[in-house]
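Enquirer: The sequence isn't on hand, but the structure is:
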């Protein structure tokens, strides 16, 4: 079977769990060598890297806080030292710190924005610099590929999560503005916006039948997504199969952004 990302190198931030972990596995299975970034929990990424290496691939785990520009620089330097260059960057690191607006502290606001939005900005900035440094390669039509991990909440308001929703809305316009800026150089920038995906962070939303039934009312397609759904989308966006896709948010949400509450005329 053809490996869509053979001989390419991918860096995935926030790869120690959930969507980032699943995307890293998918890119590795598609033939990419992968750098697995984590913030504070090394074990999952170290185990995944070992599994990839045992299967004949190439991978390593590396710690960095993507909200810190000095640590982002060290992250990219480590990838260059290990693999010689980078072809694909998935800016995935993200978190939640939920509260009603009257109770949300400034620290809660800044904590989420610093990782979800500033962290993606710093990661994308370093990626552009790396692609320019390396120059054209023979493994891909593009000079480089950036995938920002957004959310359906870049367009769907989410009461009680104003910091998270604001960060994802910011990613939408950051991605589009960046794509417009660097597309003439052959750098493709796109986003994936997951809907409800089975991950540990949102287990309460699908772990009981009552919670699952309530959640499914928001998903016209009738099922909760899996990390494999996002991984497959990431492989496609990172490959030459999507070479003419630039500045686009790919919603992988089972139809959640169709606003099912209006299916019966509202």
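Expert: Arrived safely. The structure displayed is predicted, hence computed values, not measured ones. Numbering: from 1, shown residues only.
Enquirer: Tell me where the stretch 51-200 of the chain has helices.
Expert: 69-83, 106-113, 119-134, 162-182 (DSSP state H, counting those that start in this stretch).
Enquirer: which stretches of this structure aren't confidently modelled?
Expert: 1, 206, 266 (pLDDT under 70).
Enquirer: ranges for the strands of it?
Expert: 9-12, 33-38, 59-63, 88-91, 144-149, 187-194, 249-252 (DSSP state E).
Enquirer: Residue 220: which of these is closest?
Expert: strand 249-252 (12.3 Å; Cβ to Cβ). Where C-beta positions appear, they are placed from N, C-alpha and C, glycine not excepted.
Enquirer: can you list contacts of that closest one?
Expert: 150, 152, 154, 172, 175, 190-195, 225, 229-230, 233, 237, 257 (Cβ atoms under 8 Å, 6 or more residues apart in numbering).
Enquirer: Give me the nearest residue to residue 71, chain neighbours excluded.
Expert: In space, and not counting its chain neighbours, residue 71 is closest to residue 64: 4.3 Å by Cβ to Cβ, 6 or more residues apart in numbering.
Enquirer: shouldn't that neighbour be in contact with residue 75?
Expert: Yes: counting by Cβ atoms under 8 Å, residue 64 touches residue 75, with 4.1 Å between them.
Enquirer: Quickly list what's touching both of these two.
Expert: Common neighbours of residue 64 and residue 75 (Cβ under 8 Å, 6+ apart) are 13, 37.
Enquirer: that older thread, if you tally nearby residues, what's the number for the residue nearest to residue 71?
Expert: 22 (other Cβ atoms under 10 Å).
Enquirer: which residues touch it?
Expert: 13, 37, 39, 71-72, 74-75.
Enquirer: Just name the closest of those residues to residue 263, please.
Expert: residue 13 (36.5 Å).
Enquirer: Buried by neighbour count, from the contacts of residue 64: which ones?
Expert: Buried subset of these (neighbour count, 16 or more other Cβ atoms under 10 Å): 13, 37, 39, 71-72, 75.
Enquirer: Which pair of those residues spans the longest distance?
Expert: 39 and 72 (12.1 Å).
Enquirer: Quickly list what's touching both of these two.
Expert: Common neighbours of residue 39 and residue 72 (Cβ under 8 Å, 6+ apart) are 64, 66.
Enquirer: Any chance of the helices of the stretch 51-200 of the chain in a markdown table with distance to residue 22 as columns?
Expert: Putting the helices of the stretch 51-200 of the chain into a markdown table (distance: least, Cβ to Cβ, whole Å) gives the following:
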| stretch | distance to residue 22 |
| --- | --- |
| helix 69-83 | 20 |
| helix 106-113 | 22 |
| helix 119-134 | 18 |
| helix 162-182 | 19 |
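Enquirer: and of the ones you listed, who's closest to residue 52?
Expert: The nearest among these, by Cβ to Cβ, is helix 69-83 at 13.2 Å.
Enquirer: Buried residues, that closest one. List them.
Expert: Applying 16+ other Cβ under 10 Å to helix 69-83 flags 71-72, 75-76, 78-80, 83 as buried.
Enquirer: And stretch 5-16, by the same measure?
Expert: Applying 16+ other Cβ under 10 Å to stretch 5-16 flags 5, 8-16 as buried.
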